[in-house]
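**Student:** Okay, here's the prediction I keep looking at, along with the sequence it came from:
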Amino acid sequence: MGLSASQARFLQLTARRSNVEYQAQQINFQRLQWSDKLAAASSEYQDKTSNRKMVYNFNNGDGITQVDVTYQNYKNYMNQQMEGLTTAQDKFFLVSSTGNKIIVASEEERDKMIEQYTTYTPYTASSTENSVDENGETPEIVVREDEQGNSIQNLVHREFSADDFMIVDNLDDVDNFQSAIENGIYFFAKRELNTETNMYEFKTESWDSIGGGAIGEVYDTTDDAQAEAEFKATSDKIQNIDKKLELQLNQLETERSAIQTEIDSISKVIDDNVESSFKTFS
């Protein structure tokens, strides 16, 4: 092979080697990207299998059981004794972070609670002691029927008004509801008498101190099986892709080694040609 031909072949092989090395770099970059995706999937799997949820511990008559802390369960279990009662003391309410607004899901629920804590007592015009309330104002009087169907006047006492409530949408979103409680956006509170002002106020309590552990945290295993299945599917897919990329990389490495061997051979031929062609003395 002549010097010109050897040089042309050398340049051709060098270009092929550069192209093979570039392909190998691209494959390594793809493997790195897939490795990052696997790490992200692993992190997501860890989060889903180690997440916790809030539960309410209560006695259902057969012993202590647990239910998730949801808005509906708060109404069903934390205050199941409230139904039919007309006094609000010693009952837990869900209140805003400032403790001055009762959280409800709708106007209908608000109006029902207002009525629930409204009392009616018989009133007669001659009853001067009941003609004004504790603030010196004339109390509200309504006409109601007694058990015999007779219309009688009643004094009305409402413990709550519409201004005492805050209507909040999406209370049925369990994750948001629990997060709001955990982060102090909502509190559970009891209504107590402030002896200094002679007014009833809400005394808020942290969720983890109510009733000596009525509310606690447990690991949420409801999504573990799905999380494991999703991670396994993702992991298997990425591993299969990585194996294919690794095989391509090995093939490129084999090709590069062969090209390098030929480059070394051509280089020796070129050196020999140079030496023989331009040697001054034999």
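**Tutor:** Done, it's in. Residues are numbered from 1 along each chain as shown.
**Student:** mind listing the helices for the stretch 101-250 of the chain?
**Tutor:** 107-116, 174-182, 224-277 (DSSP state H, counting those that start in this stretch).
**Student:** got a markdown table for those helices, with distance to residue 95, mean pLDDT and mean neighbour count too?
**Tutor:** Placement of C-beta: from N, CA and C, glycine included. Converted to a markdown table, the helices of the stretch 101-250 of the chain look like this (distance: least, Cβ to Cβ, whole Å; pLDDT from 0 to 100; neighbours: other Cβ atoms under 10 Å):
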| stretch | distance to residue 95 | mean pLDDT | mean neighbour count |
| --- | --- | --- | --- |
| helix 107-116 | 13 | 91 | 14 |
| helix 174-182 | 11 | 90 | 17 |
| helix 224-277 | 34 | 85 | 14 |
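**Student:** right, so of these, which gets closest to residue 206?
**Tutor:** With Cβ to Cβ as the measure, helix 174-182 is the member of the helices of the stretch 101-250 of the chain nearest residue 206 (9.4 Å).
**Student:** Tell me the spacing between residue 203 and residue 92.
**Tutor:** Between residue 203 and residue 92 the computed distance is 11 Å (Cβ to Cβ, to the nearest Å).
**Student:** show me where pLDDT drops low in the protein?
**Tutor:** Along the chain, the parts satisfying pLDDT under 70 run over 1-4, 6, 59-61, 63, 79-90, 99, 124-138, 211-213, 269-282.
**Student:** Name the residue closest to the centre of it, please.
**Tutor:** By Cα atoms, centre = their mean, the chain has its centre lying nearest to residue 175, at 5.4 Å.
**Student:** list the contacts for that one?
**Tutor:** Counting by Cβ atoms under 8 Å, 6 or more residues apart in numbering, residue 175 makes contact with nothing.
**Student:** Relative to residue 148, how far out is it?
**Tutor:** Taking Cβ to Cβ, one finds residue 175 at 53 Å from residue 148.
**Student:** Can you verify my assumption that residue 219 contacts residue 54?
**Tutor:** No - the criterion here is Cβ atoms under 8 Å, and residue 219 misses it with residue 54 at 11.7 Å.
**Student:** Neighbour count: those two, which is higher?
**Tutor:** residue 54 (20 against 11; other Cβ atoms under 10 Å).
**Student:** can I get the CA coordinates of the helix or strand hosting the more buried one in PDB?
**Tutor:** Secondary structure from DSSP states H and E places residue 54 in strand 52-59. C-alpha atoms of strand 52-59 as PDB (Å, rounded to 0.1, in the frame of the first residue of the first chain):
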ATOM      1  CA  ARG A  52     -48.300   7.900  57.200                       C
ATOM      2  CA  LYS A  53     -51.900   8.800  57.800                       C
ATOM      3  CA  MET A  54     -54.000  10.100  60.700                       C
ATOM      4  CA  VAL A  55     -56.500   7.800  62.300                       C
ATOM      5  CA  TYR A  56     -59.200   8.200  64.900                       C
ATOM      6  CA  ASN A  57     -59.200   5.600  67.700                       C
ATOM      7  CA  PHE A  58     -62.700   4.900  69.100                       C
ATOM      8  CA  ASN A  59     -64.600   2.200  70.900                       C
END
